[in-house]
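Trainee: Need coordinates for the below:
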Amino acid sequence: MRRVTLPPDFSFEEYSNYQVNYMNYFTGWLIPSTEVWIGDERWMRINAHGCRGEELDPRVGTIACFGDSTVFGSRDCWPAHVRVPGFQVLNAGVEGHGFERMIERYEELSARLPLDVVVVAGGWHNLVYNEFGEYAWASFLSRFEEARRLAVCTLATSLTPDSAERGLGDLIDGRAGRKPYRPLGSWPTGPAKTREMYDALLHYNDFVRRYCRRTGAILIDLFTVYRPESYEAMPDMFEDPAHARPQLDPVLARQVEHALAMHVPARSDRGRPPDAPTALRDSPTAVTGTSAWRARGRGRLPERIRAWIDGLRPSDARRERAVVPTADRIRRIRYPQGTRFPALQDFRINYFNNQTSRPIPNTEVWVGAERWLKINALGCKGEDVTPAAPTIGVFGDGTVWGTGPGIHGSEAWPQYVHVPGHQVLNGGTEDGRLPFIEQRYEKLRAAVNMPAVVLGGSLQSLTDSERQWRWFFDAFQRDHFLAICTLPTALTRECADRGLDPLIRSEHAGPEPFRPWDGWPTTPERTAALFDTVLRYNDFVRGYCAETGSVLIDLFEACRPEDYEHIPVMFRDAMHPRHALYPVFGRCASEALAGPLAAPLPEVAA
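Mentor: Numbers count the residues shown, from 1 in each chain. Just a heads-up that it's a prediction; the model follows:
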């Protein structure tokens, strides 16, 4: 079990920083066998099949609900309240999924699980964008027709004819309605676009009713469950046009139960407690034992959780919150001892928010008793810094960020930079595009006292022009000291002649494998082109520093491979050094910075 633990009353800077605890942003799927705990309360449980809820009992029939965030839910969800004797409910909804991803999920789960009833309850992402229209809807739903029993839901909504005439602005701004109300993602809220959404939803729901009559699929009409009595009442049961408030979940569940009861024969529970739906155990109302669950009442939420839901809707779009994390509130992800990560992204999902292209502040990743990674309160790799203390900010891509998973996962060459009277902040980011590096610099410069800035380079910018490099460097010519690094590389002229395939085939003297770099071809011609580009970039850096008075940190010359066979000893690929080189680069940077910063270097061992 992968367990994410956060302190009590932990706040999130934005919703995606909560979502990334259980969702793999690289694949769009939920992370199997994951629990998210805030204090002593479990907020989320993803089972071994990558679905929300507890593990399935193979002795009990399964009703699988497919959909988007309206099915997945927030702290609660309506599939958790569906009770059909002899069946357990599997919440296969995923936030942000349209019909194409729902079909992928259905095909993947139905190939390895016996799904007795399939409930299709999504469609918001195929109403007015992506593929939509009756032909597309019929094509999508036909992919589920091989299910043993198929049920299709209409879409519940807070939209009314009045909202189609007035738009949503009055509700969102608080001029109407008794509760907060939000837009649906980035969809415009004026009358014309609201009418377009409402008309499309009515069209889709009418199509679903006709489709069920034509094919014999079970109709679950969620649209009719609750209709707001007025424009001002729209926020009473909905947080936005699509997402129901928690108190409506049991009502939606009753509608599902009634529709299924007429068509799905009851089964024996075969020893399973009938009043403890598996998906409900991660509900905020659930406590140990089914009697305690009944005693607290279905659908009730503690005020703290209700306030959190009201303040932050789990939508399919990012939601910003003005909450600043503090250094003593750590988000910890724990894996069992001996865990191995087949690919970098399997480790990266624990600390990197792919929607914002930023690391998640206040994060620690532990494997057994060993801490593999630490992200501080500023979202930087390493320990926390004192904002008022003089800081050397080091910015760049993954070559600055450092190594990936493993016992050296927290290492990077900036941590070996030692200039007395200064602390060092690793502002590197694995998303090494120049705009992101500059944005990171602007944010961190406003947060700490930064009299010195070091630019460590961007491999993604190698194909840019010299004019673009100059624009980028000029953006850092501020009221601080600036140093620029050349790019270190494993490449030599012999690599340009022979290519990299022999090294990748382990025909070398190094103990570790050598791999291709970021999909770059390994033929002699392409290797020569990459080497020439690195030389051109480094020559430009030297010339720019001489022209502007910026300090040159020549990491390229700090360590050159002895010969072709020894290249993998110091480099993992063409551009990324192994951790053994970090102290060398750190000393090189320290020597270059000591003079301009008027600080004597500490004595270090050879």
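Trainee: Helix, strand, or coil at residue 534?
Mentor: Assigned with DSSP: H, G, I helix; E, B strand; the rest coil, residue 534 falls in the helix class.
Trainee: okay but it is in contact with residue 489, surely?
Mentor: Yes: between residue 534 and residue 489 there is a contact under C-beta atoms under 8 Å: 5.0 Å. Where C-beta positions appear, they are placed from N, C-alpha and C, glycine not excepted.
Trainee: And those two? Which one has more around it.
Mentor: Remark: of residue 534 and residue 489, residue 489 carries more neighbours, 28 against 21, as counted by other C-beta atoms under 10 Å.
Trainee: Common neighbours of residue 534 and residue 489, please.
Mentor: Jointly contacting residue 534 and residue 489 under the rule C-beta atoms under 8 Å, 6 or more residues apart in numbering are 556, 575.
Trainee: So which residues of the stretch 401-550 of the chain form helices?
Mentor: Ranges of helices within the stretch 401-550 of the chain are 434-445, 466-474, 493-498, 501-504, 524-548, based on DSSP state H, counting those that start in this stretch.
Trainee: Please identify the buried residues of stretch 416-423?
Mentor: For stretch 416-423, a neighbour-count test (16 or more other C-beta atoms under 10 Å) marks 416-419, 422-423 as buried.
Trainee: Give me the distance from that stretch to the chain's centre.
Mentor: Here the centre of stretch 416-423 is set off from its chain's centre by 33 Å, with C-alpha atoms, centre = their mean, to the nearest Å.
Trainee: Contacts for that stretch, please.
Mentor: With C-beta under 8 Å, 6+ apart as the test, stretch 416-423 has contacts from 385-386, 389-392, 394, 424, 451-452, 454, 582-583, 585-587, 589-590, 593-594, 597, 599-602, 604.
Trainee: Pull up the distance across it, start to finish.
Mentor: 11 Å (C-alpha to C-alpha, to the nearest Å).
Trainee: Could you pull up the mean pLDDT of that stretch?
Mentor: Stretch 416-423 shows a mean pLDDT of 93.
Trainee: Stretch 528-543 too?
Mentor: Stretch 528-543 carries an average pLDDT of 94.
Trainee: gap between it and the chain center?
Mentor: With C-alpha atoms, centre = their mean as the basis, stretch 528-543 stands 35 Å off its chain's centre.
Trainee: Can you give the contact residues for that stretch?
Mentor: Stretch 528-543 has contacts (C-beta under 8 Å, 6+ apart) with 457, 462-463, 466, 469, 484-487, 489, 491-493, 495-497, 517, 520, 552, 554, 556, 574-575.
Trainee: For ChimeraX, what selects the buried ones among those residues?
Mentor: Applied in ChimeraX, the following selects the buried portion of these according to 16+ other C-beta under 10 Å:
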select :457,462,469,484,485,486,487,489,491,492,495,496,517,520,552,554,556,574,575
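Trainee: Looking at the buried residues of stretch 416-423, which is nearest residue 567?
Mentor: residue 416 (22.0 Å; C-beta to C-beta).
Trainee: what's the closest non-adjacent residue to the closest one?
Mentor: Take residue 416 and drop its neighbours on the chain: the residue closest to it by C-beta to C-beta, 6 or more residues apart in numbering is residue 586, 2.4 Å away.
Trainee: burial of that neighbour, as a residue count?
Mentor: For residue 586, using other C-beta under 10 Å, the count is 20.
Trainee: That one looks like it's in a strand, true?
Mentor: No: counting by three-state DSSP, residue 586 is not found in a strand; it is helix.
Trainee: Relative to residue 597, how far out is it?
Mentor: From residue 586 across to residue 597, the span is 15 Å (C-beta to C-beta, to the nearest Å).
Trainee: so can I have CSV of the helices of the stretch 401-550 of the chain showing distance to residue 192?
Mentor: Shown next, in CSV, are the helices of the stretch 401-550 of the chain (distance: least, C-beta to C-beta, whole Å):
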stretch, distance to residue 192
helix 434-445, 33
helix 466-474, 40
helix 493-498, 60
helix 501-504, 57
helix 524-548, 50
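Trainee: of all those, which lies closest to residue 34?
Mentor: Across the helices of the stretch 401-550 of the chain, the minimum distance to residue 34, taken as C-beta to C-beta, is reached by helix 434-445, at 27.5 Å.
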